[in-house]
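Novice: Show me the folded form of this:
(one chain, ligands or ions: 1)
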Amino acid sequence: MAAEIIDGRALGAALRARVADEAARLAAAGVVPGLAVVLVGEEPASRVYVASKRRATLEAGMASFEHRLPAGTDAADLLSLIARLNADPAVHGILVQLPLPAHLDAAAVIHAIDPAKDVDGFHISNAGRLATGQMALVPCTPLGCLMLLRHRLGSLAGAEAVVVGRSNIVGKPMAQLLLREDATVTIAHSRSRDLPAVCRRAEILVAAVGRAELIRGDWIRPGATVIDVGINRVAGADGTARLVGDVHFASAAEVAGAITPVPGGVGPMTIACLLANTLTAAARAHGLPEPEGLTG
Ligand code: NAD
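Specialist: You can find the predicted model right below:
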């Protein structure tokens, strides 16, 4: 195997430690950063995510406010909870765990969150600010990917970058961040022609597709830095479930210069960036200096 493995677990832990230090500094100034997480329903994966977000928040010395609502909660009740959280000075970040039950309009719920507390960075105002180069809260997963790229490459200026996937949560904000870093950016998607050829152009390849091991080693430009956002559950040879990315790791690692593993790559950075965004939101809310390097 030629590629360096980009260790998201170690980098995520280092980022969390840094956030904890900065949170202690804010607490000493009388501000305990607080994150409210809202979970509607009992979706098992969402419950696991919410529990791990709570644990990480408390470990970083921040306040965690958890709101679990029944699956049948109506829009008015959910929106009134969000209005209360918007008005609560102890809450600096608000995250509504997605997906929401089908009867609730996720876009309307996200847009009810005060953009200054929108630590997921999904509000249209934050998306627009990112796209127009203004101060924003940036979605956690692409922010984490950017930090991994910076760690490996330093400057991204002029690099040929390809993002596969155009979701509002990962692909589009990732492309915006790369553009902000002066990379030359291509966004590929399910209708792109000759995806292997597009990927082969990339010095930086970010895969956010949701298709197990779609991207093979012979799609990778030699020496490229490959960030694999995908989390796909597949059956292993012995029938047990295992997680794989959107990139076929073994063949890609023969060709790439550096690559993130799944698990242990992008995932741990995502949660660390959620804490970083909460800290940033708390500092901004109180007019305190923002810790450097946490907003990408
Ligand atoms: P999504 O389904 O919203 O978007 C997938 C994108 O991939 C779409 O834009 C689509 O055009 C594109 N696509 C689908 N099939 C394709 C194909 N055959 N060829 C080229 N493009 C294709 O997914 P998402 O929310 O952006 O998530 C993508 C993946 O990242 C999923 O596996 C998800 O589980 C994972 N994810 C991981 C984290 C993390 O923290 N590691 C966070 C968010 C998402």
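Novice: Okay, strands next: where are they in the stretch 101-250 of the chain?
Specialist: For the stretch 101-250 of the chain, the strands defined by DSSP state E, counting those that start in this stretch cover 160-164, 184-188, 204-207, 225-228, 232-235, 241-244.
Novice: Present these as CSV; the columns should include mean neighbour count and mean pLDDT.
Specialist: For the C-beta atoms, the positions are set from N, CA and C on the backbone; glycine is no exception. Formatted as CSV, the strands of the stretch 101-250 of the chain follow (neighbours: other Cβ atoms under 10 Å; pLDDT from 0 to 100):
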stretch, mean neighbour count, mean pLDDT
strand 160-164, 26, 99
strand 184-188, 19, 98
strand 204-207, 29, 99
strand 225-228, 28, 98
strand 232-235, 11, 94
strand 241-244, 14, 94
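Novice: Please tabulate those in a markdown table, including the columns distance to the ligand.
Specialist: Listed next are the strands of the stretch 101-250 of the chain as a markdown table, based on distance: least, Cβ to the nearest ligand atom, whole Å:
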| stretch | distance to the ligand |
| --- | --- |
| strand 160-164 | 5 |
| strand 184-188 | 6 |
| strand 204-207 | 8 |
| strand 225-228 | 9 |
| strand 232-235 | 6 |
| strand 241-244 | 10 |
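Novice: Save the ones you listed as CSV, and put in distance to Y49 too.
Specialist: Shown next, in CSV, are the strands of the stretch 101-250 of the chain (distance: least, Cβ to Cβ, whole Å):
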stretch, distance to Y49
strand 160-164, 24
strand 184-188, 26
strand 204-207, 21
strand 225-228, 19
strand 232-235, 14
strand 241-244, 14
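Novice: and of those strands, who's closest to R54?
Specialist: Nearest to R54 among the strands of the stretch 101-250 of the chain is strand 241-244 (22.1 Å), distances taken as Cβ to Cβ.
Novice: Please list the residues of this protein that sit near the ligand.
Specialist: Applying Cβ under 6 Å from any ligand atom, we find that the chain lies next to the ligand at 141, 164-167, 169-171, 188-190, 195, 208-211, 214, 229-232, 266-267, 270.
Novice: can you pull the contacts of A112?
Specialist: 79, 82-83, 86 (Cβ atoms under 8 Å, 6 or more residues apart in numbering).
Novice: Let's see if you can find the most crowded of these.
Specialist: In terms of neighbours by other Cβ atoms under 10 Å, these top out with I82 at 22 neighbours.
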